[in-house]
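Trainee: Give me coordinates for this.
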Amino acid sequence: MLKHRRRKNPRGAKAALTGAFALLTAGLIAGFTQFSPAPTEVETVSDEESLQVQQTGQWLTGYWHNFSNGSTVMPLSEVPSEYNLVAVAFAENHPTLDGGITFDLASEELNGYTDQQFREDIAAIQAEGRKVIISVGGQLGHVDVTNATQARNFADTTYQLMREYGFDGVDIDLEHGINAQYMSDALHDLSAQAGSDLIITMAPQTIDFQSPNREYYKLASNISDILTIVNMQYYNSGSMLGCDDQVYHQGTVDFVASLACIQLEMGLSPSQVGLGLPAVPSAAGGGYMAPSKVVEALDCLEAGTNCGSFSPDTPYGPIGGVMTWSVNWDATSGYAFADTIAARLAGGPGDGGGDPDPEPTDPPTDEPGDCTAPAWSADSVYTGGDVVSHEGAEYRAEWWTRGEEPGTTGEWGVWRLVGTC
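Mentor: All right, here's what the predicted structure looks like:
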């Protein structure tokens with residue numbers, strides 16, 4: 001059974017009893033505007049403990065699984081308090097409204113977790129000053145918002161889910177293409193309905209910001225007035241160009257810092273830029289970084305320290321925060337990601353982030369050695385159970401495939417990471 005951690009304070013968080021009562025009196029705990037996107041968190045504690053306020057000024061976002069996929073099945077009540085923004089994964093296509101979304105709790109997969117318990121847990125998280133949003137998409141999700149009708153249906157059904165469940169906003173994680181114009185229309189419509197407290201996040205892939213002509217790039221620009229944070233997925237990516245037009249490979253501080261620089265230089269506020277990384281190697285096909293390396297990327301961007309070969313011309317100061325896929329995967333390592341990153345966000349640049357990183361559940365994917373399985377070939381046919389080697393790791397096919405590159409198909413794709421070699 002998982003340890004209940006909602007009342008655990010991240011190391012380095014500053015607390016003040018008088019500040020807590022002042023904030024409660026002012027009524028600032030429950031809401032804030034998009035121009036101050038990071039929450040002030042009030043911990044719910046026992047009578048024997050002091051009321052404490054965490055003021056990190058940044059988001060730590062974690063996705064929560066509404067499904068079972070081999071990581072950890074948990075109710076929302078088990079999400080650690082270090083995560084001050086929880087993204088429920090995922091909403092699905094509405095059965096009758098084109099472009100609309102709906103949500104159904106997968107109670108059977110979640111060990112009988114009931115809809116009523118789910119709703120109560122959302123309210124309990126929010127009572128602690130944290131936020132819960134509904135995520136749309138994921139690797140398998142397809143929601144089309146490509147015309148005015150679909151845009152209106154998306155806005156209306158999202159707002160309906162917010163009112164029904166109490167969600168604080170929406171996360172756009174559509175990985176099969178978007179239309180920037182109509183998604184922008186939909187989100188501005190939603191903002192008009194929900195008000196200034198609405199949280200809007202997005203989790204684009206790295207390719208989506210390689211050019212100003214990319215739809216996610218255009219969407220971020222179009223909604224910068226209402227956008228909370230962009231949490232780029234710095235994994236399942238391969239090599240990409242940084243803002244200095246140099247090529248960097250995933251899984252490195254240089255990769256994260258140089259690609260985050262693109263968003264930081266395109267006109268977004270630093271508070272609207274977040275770093276998305278897998279919690280453990282098993283959570284992604286490639287791009288895992290130990291939490292201590294994520295801390296180094298933060299230090300590089302915010303203070304110009306702990307950089308590799310890339311460093312920003314001028315440090316950006318505090319950015320929006322860090323996201324991970326996912327809370328459920330983080331649980332498999334004893335919440336090493338949440339503990340380390342929350343401590344760093346609370347302590348600022350130069351803080352070591354708490355205890356040294358424990359051994360990950362799988363070895364990091366950026367330490368290749370000698371592989372014994374045959375090399376993957378784009379022209380070969382593979383069936384379920386076949387094992388291949390590719391770029392210093394071995395992968396097992398889950399079903400028939402040809403031409404799909406190992407390390408790029410994601411958590412639910414055909415290739416399952418066996419380990420590095």
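
Trainee: Pull out the buried residues from the one helix or strand residue 187 maps to.
Mentor: Assigned by DSSP states H and E, residue 187 belongs to helix 180-194. Residues of helix 180-194 classed as buried by neighbour count (16 or more other CB atoms under 10 Å): 180-191, 194. Heads up, the C-betas are built off the backbone N, CA and C, glycines and all.

Trainee: need the helices for the stretch 251-400 of the chain, in chain order.
Mentor: Applying DSSP state H, counting those that start in this stretch to the stretch 251-400 of the chain gives helices spanning 253-265, 291-303, 327-331, 336-347.

Trainee: which one of these lies closest to residue 386?
Mentor: helix 327-331 (25.1 Å; CB to CB).

Trainee: what residues does the closest one touch?
Mentor: 2, 62-65, 69, 71-74, 78-80, 83, 86, 278-280, 282-283, 324, 336-338 (CB atoms under 8 Å, 6 or more residues apart in numbering).

Trainee: Now, of these, which are buried?
Mentor: 62-65, 71-74, 78-80, 83, 86, 278-280, 282-283, 324, 336-338.

Trainee: State the pLDDT value of the most centrally placed residue in the chain.
Mentor: Nearest to the geometric centre of the chain sits residue 323, at 3.5 Å (CA atoms, centre = their mean). Model confidence at residue 323, given as pLDDT, is 98.

Trainee: Nearest to residue 251 among the buried residues of helix 180-194?
Mentor: Set against residue 251, the nearest of these by CB to CB is residue 180 (29.1 Å).

Trainee: For that closest one, which non-adjacent residue is spatially closest?
Mentor: Closest residue to residue 180 apart from its sequence neighbours, by CB to CB, 6 or more residues apart in numbering: residue 218 at 3.8 Å.

Trainee: Residue 157 now?
Mentor: In space, residue 157 is closest to residue 100, 3.7 Å off (CB to CB, 6+ apart).

Trainee: isn't that neighbour right up against residue 136?
Mentor: No: the criterion here is CB atoms under 8 Å, and residue 100 misses it with residue 136 at 10.5 Å.

Trainee: Hmm, residue 173 is touching residue 138, no?
Mentor: Yes: counting by CB under 8 Å, residue 138 is a contact partner of residue 173 at 5.7 Å.

Trainee: Name the residues contacting each of the two.
Mentor: By the contact definition CB under 8 Å, 6+ apart, residue 173 and residue 138 are jointly contacted by 89-90.

Trainee: what ranges do the strands span in the stretch 301-421 of the chain?
Mentor: 321-325, 381-382, 387-390, 393-397, 401-402, 415-420 (DSSP state E, counting those that start in this stretch).

Trainee: Can you say which of those is packed in most?
Mentor: The highest average neighbour count among the strands of the stretch 301-421 of the chain, using mean count of other CB atoms under 10 Å, belongs to strand 321-325 at a mean of 27.

Trainee: follow-up on the earlier one: what about the residue nearest to residue 180, which SS state?
Mentor: Following DSSP: H, G, I helix; E, B strand; the rest coil, residue 218 is assigned to helix.

Trainee: Residue 251 versus that one, what's the distance?
Mentor: Residue 218 sits 28 Å away from residue 251, taking CB to CB, to the nearest Å as the criterion.

Trainee: So between the two, which is more surrounded?
Mentor: Neighbour count, other CB atoms under 10 Å: between residue 218 and residue 251, residue 251 has more, with 25 against 19.

Trainee: Residue 288 is in contact with that one, correct?
Mentor: Yes: between residue 251 and residue 288 there is a contact under CB under 8 Å: 6.2 Å.

Trainee: Read off the pLDDT value for residue 259.
Mentor: Note for residue 259: predicted pLDDT of 98.

Trainee: Quick check, it in contact with residue 239.
Mentor: No: counting by CB under 8 Å, residue 259 stays clear of residue 239, with 10.6 Å between them.

Trainee: Look at residue 245 and say how many residues are nearby.
Mentor: Residues near residue 245, counting by other CB under 10 Å: 7.

Trainee: should've said residue 112
Mentor: Taking other CB under 10 Å as the criterion, the count of residues near residue 112 is 9.

Trainee: Then it would be within a helix, right?
Mentor: No: Residue 112: not assigned to a helix; according to three-state DSSP it is coil.

Trainee: where does the stretch 1-150 of the chain dip in pLDDT?
Mentor: For the stretch 1-150 of the chain, applying pLDDT under 70 flags the ranges 1-56, 139-141.

Trainee: mind running it again at 80?
Mentor: Within the stretch 1-150 of the chain, the segments meeting pLDDT under 80 span 1-57, 138-142.
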